[in-house]
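Undergrad: need a structure here:
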Amino acid sequence: MSDSSVPVNAAPTAEPERRTEGRRITGVWMVGQPDQKGWQQQVHLTVAYYKSHGYTANLCVRHERTTSLGTEIRFDVGSATTRVDHQPGTRFHAATLTRVYDTALATVRRRYENNDDRIVAFFTLAARDLTPLGTDTGLDETTGAE
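TA: Residues are numbered from 1 along each chain as shown. Predicted coordinates for the structure are as follows:
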């Protein structure tokens, strides 16, 4: 199952696979190669709109594999999640969702290039062993600024 064309570590500088559904946009990067059981580690940047809460961008790790029964998805219990951005909003606007996604993607890339440990850790194969970070944001809780 080894393919030398698949990088051991992904980087957010690569363009993620973009998935849009309803009030959510997710960018997906593959990290390394699938393990012996077929589980592919992925990093997800998910931007979603929640009524009366606004737009939230989070980075997390998940694993996916395809079997004869279909696609299985595994979110590791207690795995790290990092909030990348939050924008208030009382009404949903698709253009705002796209803008928040683009801003969050740029933020992830900038923080990765600046060697921010909270971001770099997601893009390594060791990410499946990340220490739970709760809702670590890397943002000032009062202003939302980094």
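
Undergrad: Show residues contacting stretch 64-74.
TA: 34, 37-40, 42, 62-63 (Cβ atoms under 8 Å, 6 or more residues apart in numbering). (C-beta placed from N, C-alpha, C; glycine too.)

Undergrad: Stretch 19-32 now?
TA: Under Cβ under 8 Å, 6+ apart, the answer for stretch 19-32 is 6-12, 14, 16-18, 40-49, 61, 92, 97-98, 101, 105, 123-125, 127.

Undergrad: can you pull out the helices in the protein?
TA: 94-113, 117-120 (DSSP state H).

Undergrad: which stretch in those helices has the least confidence?
TA: Among the helices of the chain, helix 117-120 carries the lowest mean pLDDT, a mean of 88.

Undergrad: could you dump the contacts of stretch 64-74 to TSV with distance to A80 and neighbour count?
TA: Shown next, in TSV, are those (distance: Cβ to Cβ, whole Å; neighbours: other Cβ atoms under 10 Å):
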residue	distance to A80	neighbour count
P34	21	18
K37	22	8
G38	23	13
W39	17	16
Q40	18	16
Q42	14	21
R62	11	18
H63	14	21
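
Undergrad: ok so, going back, from the contacts of stretch 19-32, which would you call buried?
TA: For the contacts of stretch 19-32, a burial check counting by 16 or more other Cβ atoms under 10 Å picks out 10, 12, 16, 40-49, 61, 97, 101, 105, 123-124, 127.

Undergrad: Y112: which of the contacts of stretch 64-74 is nearest?
TA: Q42 (15.9 Å; Cβ to Cβ).

Undergrad: a markdown table please, covering the helices of the chain and showing distance to R24.
TA: Formatted as a markdown table, the helices of the chain follow (distance: least, Cβ to Cβ, whole Å):
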| stretch | distance to R24 |
| --- | --- |
| helix 94-113 | 8 |
| helix 117-120 | 21 |
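
Undergrad: quick check, nearest of the contacts of stretch 64-74 to R111?
TA: The closest of those, once distances to R111 are taken by Cβ to Cβ, is Q42, at 18.7 Å.
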